[in-house]
Every structure is written in C-alpha cells, then in structure tokens.
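[1] Predicted model and sequence follow; I will ask about them next.
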Amino acid sequence: KNVYVDWRARMAWFNPKWKDTITFPNWLQFFDYLSTIYQSNISLYAKLRCYLIMVYWLLMNGKAMIKDLLVAASTILRIPIWSRKSEELYNWE
C-alpha cells in the first residue's frame, strides 16, 4: 500500500527506528532550510532575501509546527488527542 497518512508515518517509512519515537518533522524541515541558507555560497543580500522568505514560511507552516509540539506533548503525557492505531499510520506492512 505505502500510502503516507502524515509526516510521522512518512518519516517512519524511510527510517523504521522512528516508528515509536517523538519527532518534530516541521521543525526539522524549518531548521534544515535555515542551515541550507546559512551554508550556501550566495551573497549576503541573497541570504537575507532567503531568510525573509523563511518568515513567510513560518507564517504558512506555524500551525503545523505548533501541532508538532502538541503531538509530542500528548505522546509524553499519554493523552490520546492525535493518537491513532499503528495500523492506520504505518500501513505499508
């Protein structure tokens, strides 16, 4: 089947050790973008423009980043807010 239900399922499909761990996929993506901008061999002006675009990215993806935090908190506190059965999330087996 291999249908990705969400980011966490997709991450677990690529690396099964993440199946039962707390992950912050949107945060990882955000910091990867920042790292890429920082390490890129472009002018300071171009980097500043990229960082400005990242502000827009935050506005568009901020809710998903907050959801990452809430999912992690509900997992730690064992509150079944976003919990689903493993069969629903990891349906490639």
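    Right, received. Where do you want to start?
[2] which helix of the protein spans the most residues?
    helix 44-76 (DSSP state H).
[3] Name the residues of that one that come out as buried.
    50, 61, 65, 67, 68, 71, 75 (16 or more other Cβ atoms under 10 Å). The way it works is simple: take the backbone N, C-alpha and C, and place the C-beta from them, glycine included.
[4] Would you quantify the distance from the fourth one to residue 61?
    In this structure, residue 67 and residue 61 are separated by 10 Å, where distance is defined by Cβ to Cβ, to the nearest Å.
[5] do the same with the last one
    Computed with Cβ to Cβ, the distance linking residue 75 and residue 61 is 20 Å.
[6] picking that back up, if you count contacts, what does the longest helix of the chain end up packed against?
    Counting by 3 or more Cβ pairs under 8 Å, 6 or more residues apart in numbering; DSSP states H and E, the packing neighbours recorded for helix 44-76 are helix 25-39.
[7] Apply 10 Å and report the result again.
    helix 7-14, helix 25-39 (3 or more Cβ pairs under 10 Å, 6 or more residues apart in numbering; DSSP states H and E).
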